[in-house]
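K.L.:
Please find the sequence and the predicted model below.
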Amino acid sequence: MTDRKRVFSGIQPTGDPHVGSLIGALSNWVRMQSEYDTIYCVVDLHAMTAPYDPADLRSKRADVAKMLLAAGIDPSRSLLYYQSEVPQHVELSWILGTLTGLGQLERMTQFKEKADKGGQNLGLLAYPVLQAADILIHRVHAVPVGNDQAQHLELTRDLAERFNSRFGEVFPVPERITPEIGARVMSLTDPTSKMSKSDPSSKSRILLTDGTDQIMKKVKSAVTDTGTEVGFDRANKPGISNLLEMFSFFSDRSIDDLVSEYRALGYGTFKIAVGEAVAEGLKPIRDAYEGMSDAEVGEVMASSAARARKMAERTMISVRERVGLA
Ligand code: AMP
Ligand code: TRP
């Protein structure tokens, strides 16, 4: 790797990636490849902190990996691997765990939310420590994540500082990068809440694997606002505004430009145009996804993991020395 800045991000192999994941996360990951040394991880160990089925985990992590490749993660420019295939993540996580107070973990919003839903376990409590290890093991400078991950990144920064001051400088303290655009794609059935993998209604989201017919149906049935005029106003026209943002992303046109063309044409005509733009924009990703074999994905993941293990081992050699294990 070069002396460019290094970034790391992770995605859980739970649920199916949708246009929210693409606009809010994956498209940024793809774009960052030209500016940074990029390391992306399918965090299968994190996915085990909620109830799961082994066969499902196996197929989900391969699906997500394939989707990342189809969306434009380029293995000649990025490392892309399964977290569990680089055991140094877990080793570092243990050591960082010995520097983490229980109170700090118990106060994490995500822990409280998930623990409230039942199924508390040590993995769920330790989740942010493993996330810190994911980031620190590669000594990265920055982490592109949404606002919901701010607390976890704060813990990561604390742990880097705590380790460095106790044992000597090993880790850069990583910055958070939050994408400016498309930070929140809203649900098609309720434009006041975020499009989400876990929404029980499949009509609330457009999957990256949806075909043109499904996309057109979902967009046509999207909840819109009272009135007839197409305009951008997130507070009073959340449904139309959400569709405008998606339209802008997929058509590469500005919202103003779209509003001036569609203002007076009515919601029906507008929705057809949005559906067509989304379908057309997703087609190359869907085609790449469908054209890729599981074997190809497996090879990319294995060779990336081998490189990641070498990098991670370099960090662990200094960590073990510093903490008295070597
Ligand atoms: P999740 O789907 O919750 O596992 O999130 C994976 C990544 O996609 C995270 O970085 C999220 O911030 C991003 N993401 C998920 N849903 C949306 C959405 N509706 N709008 C924007 N970004 C999203
Ligand atoms: N917790 C993150 C999420 O739910 C996923 C994740 C795990 C991650 N390890 C990471 C993100 C390291 C960024 C960096 O979205």
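P.N.:
Perfect, I can see it now. Ligands and ions are numbered 1, 2, ... in the order given.

K.L.:
how many other residues sit next to residue 257?
P.N.:
11 (other Cβ atoms under 10 Å). To be clear about C-beta, it is placed using only N, CA and C from the backbone, and glycine gets the same treatment.

K.L.:
Hmm, I typed the wrong one, I wanted residue 6.
P.N.:
When neighbours are counted by other Cβ under 10 Å, residue 6 registers 20.

K.L.:
Mind listing the residues bridging to it?
P.N.:
Beta-bridge pairing for residue 6 (DSSP bridges): residue 37.

K.L.:
Hmm, it is touching residue 138, no?
P.N.:
Yes. If you go by Cβ atoms under 8 Å, residue 6 and residue 138 touch, sitting 6.4 Å apart.

K.L.:
what touches both of those two?
P.N.:
Common contact partners of residue 6 and residue 138 (Cβ atoms under 8 Å, 6 or more residues apart in numbering): residue 39.

K.L.:
which residues does residue 294 contact?
P.N.:
62, 66.

K.L.:
try 10 Å
P.N.:
Residue 294 sits next to 59, 62, 63, 65, 66 when contact means Cβ atoms under 10 Å, 6 or more residues apart in numbering.

K.L.:
Distance from the helix or strand hosting residue 110 to the middle of the chain?
P.N.:
Residue 110 belongs to helix 109-116 when assigned by DSSP states H and E. Relative to its chain's centre, helix 109-116 lies at 19 Å (Cα atoms, centre = their mean, to the nearest Å).

K.L.:
got the buried residues for stretch 44-61?
P.N.:
44, 45, 46, 47, 48, 49, 57, 60, 61 (16 or more other Cβ atoms under 10 Å).

K.L.:
what's the answer for stretch 120-138, then?
P.N.:
For stretch 120-138, by 16+ other Cβ under 10 Å, it's 124-138.

K.L.:
before we move on, what about stretch 198-205?
P.N.:
199, 204, 205.

K.L.:
Got phi/psi on residue 294?
P.N.:
Per-residue torsions, residue 294: phi -60, psi -30 (degrees, to the nearest 10).

K.L.:
quick one: it from residue 7, how far?
P.N.:
Going from residue 294 to residue 7 by Cβ to Cβ, to the nearest Å gives 28 Å.

K.L.:
What does the pLDDT read for residue 178?
P.N.:
The per-residue pLDDT reported for residue 178 equals 82.

K.L.:
Check the burial of it by counting its neighbours.
P.N.:
Residue 178: 15 neighbours (other Cβ under 10 Å).

K.L.:
That one contacts residue 144, correct?
P.N.:
Yes. The pair residue 178 / residue 144 is scored as a contact, 7.5 Å apart, by Cβ atoms under 10 Å.

K.L.:
Common neighbours of these two, please.
P.N.:
residue 28.

K.L.:
hang on, residue 39 in a helix?
P.N.:
No. Using DSSP: H, G, I helix; E, B strand; the rest coil, the assignment for residue 39 is strand, not a helix.

K.L.:
so how far is residue 252 from it?
P.N.:
In terms of Cβ to Cβ, residue 39 sits 28 Å off from residue 252.

K.L.:
Give the helix, strand or coil label for residue 200.
P.N.:
Going by three-state DSSP: residue 200 is coil.
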